[in-house]
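Novice: Return atomic coordinates for the entry below.
(one chain, ligands or ions: 2)
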Amino acid sequence: MNSEKIEIFDTTLRDGEQVPGCKLNTEQKLTIAERLDELGIDIIEAGFPVSSPGDFHSVSEISKLVKNAKVCGLTRANKKDIEIAAEALKYAKRPRIHTGIGTSDSHIKYKFNSTREDIIERAVDAVKYAKSFVEDVEFYAEDAGRTDNDYLAKVCEEVIKAGATVLNIPDTTGYCLPEEYGAKIKYLKENVKGIDKAVLSCHCHNDLGLATANSISGVVNGARQIECTINGLGERAGNTALEEVVMILKQHTDLNLHTDVNSKMLNKMSTLVSDLMGVFVQPNKAIVGANAFAHSSGIHQDGVIKNRETYEIINPEDVGINESSIILTARSGRSALAYRFKHIGFDVTKNELDFLYHEFLKAADMKKEIDNEDLHMMMTAFSRKIG
Ligand code: KIV
Ligand code: ZN
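Specialist: Ligands and ions are numbered 1, 2, ... in the order given. Reported below is the predicted structural model:
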């Protein structure tokens, strides 16, 4: 069976930038946008143009710069937002307006003090108005994760009739379980008239640590776009991490789904975004954390040295990391020590290793990690000893 493409919609510069204290200037945004384009992202959400003159300027400059990806601007469901987004996107080769409104009962009652019927009317008007500026209009049903499926299907049907090309089904509060989110997408695929005219998109938040699982469940059930951010940055606990969904689809060929992202650039991309936004990547972060390809226990190290695949499901080169690392700690074994000595130019015999390992354990019990400098010192002391 032919593998189907999943479009990757990056919202690092919009939802990702909503992280407190992560404000980027236009120059930094342009640097990230250019790299995202090289990475093979299909759609770059460049910002929320009406939110500030600075954001408008950034979206406009990104529109001029980006060569391949579609450039998208967020709006609420009102004329002013849409007009301003259209103006900011006017230089984009492939512009997209992303408009929408809250559809859950909680949003309808507390945010809008409105009714389900009125929300549909506003949604349809917004899509029609956006459509008068650009061909490509994505509609988001904010808080779709907690929206009743029958009503959500009705909203989707009406906005497709109004011309929406993409339907974003956000789990805005990160509430859904993977099965529930997948079932929602399946329900829409099966019950929305005209659904073949639009692409369903997953936009998941990570409040319960399920954003990646929910996005994958969404595409398994028929969605064909994932909205995500580099390093999973975003409001509160963040959004779906781009590097995670890309690598899941690459590793699980059984799913018959793929992206056009050049995974070899993922590690550099993660570092760039972390540096520019000033948000440290946790060491155990999947794919791009400093420890994602580091082995420190003796049993694992022995396995990896014999054959990497014993404890690694991803080739580090596939995400742009040269090689796995063997970290020397008091939990490490002889084979790891010999491996690291060899790495710095010393081929030790079995007898030499026995002695050196004894010295190594004494040092490792006092120090968290033994580095190359420590190894050189151990070897110098050993050479002196044997004369
Ligand atoms: O999480 C969300 O619902 C959003 C929408 C504005 C798309 O970010
Ligand atoms: Zn969001």
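
Novice: What about the nearest residue to L177 once chain neighbours are set aside, how many residues nearby?
Specialist: Computed as C-beta to C-beta, 6 or more residues apart in numbering, the closest residue to L177 that is not its neighbour in sequence is L210, at 6.8 Å. For glycine as for every other residue, the C-beta is placed from the backbone atoms N, C-alpha and C. The tally of other residues near L210 (other C-beta atoms under 10 Å) stands at 22.

Novice: wait, what's in contact with the residue nearest the centre of the chain?
Specialist: Taking C-alpha atoms, centre = their mean, the centroid of the chain lies closest to L242, which sits 1.9 Å from it. L242 is in contact with 8, 10, 12, 228-230, 232, 261, 266, counting by C-beta atoms under 8 Å, 6 or more residues apart in numbering.

Novice: Just want the phi and psi numbers for it.
Specialist: phi -60, psi -50 (degrees, to the nearest 10).

Novice: residue ranges for the helices of the stretch 151-300 of the chain, please.
Specialist: 178-191, 211-220, 242-251, 266-277, 298-306 (DSSP state H, counting those that start in this stretch).

Novice: from those, which stretch is densest packed?
Specialist: Stretch with highest mean neighbour count among the helices of the stretch 151-300 of the chain: helix 211-220 (a mean of 25; mean count of other C-beta atoms under 10 Å).

Novice: Give the full set of residues in contact with C202.
Specialist: When contacts are taken as C-beta under 8 Å, 6+ apart, C202 is in contact with 169, 181, 185, 214-215, 218-219, 223, 225-227, 240.

Novice: Show me what it is bridged to.
Specialist: I169, I226 (DSSP bridges).

Novice: L255: how many residues sit nearby?
Specialist: Count around L255 with other C-beta under 10 Å applied: 15.

Novice: Ok, E138 next?
Specialist: For E138, the neighbour count with other C-beta under 10 Å is 29.

Novice: Shouldn't it be within a strand?
Specialist: Yes. Using DSSP: H, G, I helix; E, B strand; the rest coil, the assignment for E138 is a strand.

Novice: Identify the residues contacting it.
Specialist: 72, 96-100, 164-168, 201.

Novice: Turn these into JSON lines, including neighbour count.
Specialist: Putting these into JSON lines (neighbours: other C-beta atoms under 10 Å) gives the following:
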{"residue": "C72", "neighbour count": "31"}
{"residue": "R96", "neighbour count": "25"}
{"residue": "I97", "neighbour count": "27"}
{"residue": "H98", "neighbour count": "26"}
{"residue": "T99", "neighbour count": "27"}
{"residue": "G100", "neighbour count": "25"}
{"residue": "A164", "neighbour count": "29"}
{"residue": "T165", "neighbour count": "18"}
{"residue": "V166", "neighbour count": "23"}
{"residue": "L167", "neighbour count": "28"}
{"residue": "N168", "neighbour count": "23"}
{"residue": "S201", "neighbour count": "27"}
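
Novice: In TSV: those residues, plus distance to Y129.
Specialist: Shown next, in TSV, are the contacts of E138 (distance: C-beta to C-beta, whole Å):
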residue	distance to Y129
C72	16
R96	15
I97	9
H98	13
T99	8
G100	13
A164	12
T165	15
V166	16
L167	17
N168	17
S201	20
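
Novice: Looking at those, spot the one nearest F48.
Specialist: H98 (9.1 Å; C-beta to C-beta).

Novice: Look at the closest one and report its pLDDT.
Specialist: On pLDDT, H98 comes in at 99.

Novice: that older thread, between the contacts of L242, which is closest to ligand 1?
Specialist: Lowest distance from ligand 1 to the contacts of L242 (C-beta to the nearest ligand atom) belongs to T229, with 10.5 Å.

Novice: Show the contacting residues for the spatially closest residue to that closest one that is not a sequence neighbour.
Specialist: Residue nearest to T229 in three dimensions, not counting chain neighbours: G16, with 3.9 Å by C-beta to C-beta, 6+ apart. Contact analysis of G16 by C-beta under 8 Å, 6+ apart lists 22, 229-230, 233-234, 239, 273, 277.

Novice: give me that answer again for 7 Å
Specialist: 229-230, 233-234, 239 (C-beta atoms under 7 Å, 6 or more residues apart in numbering).

Novice: got a winner among the residues you listed for most neighbours?
Specialist: N239 (32 neighbours).

Novice: Alright, that wraps it up for me.
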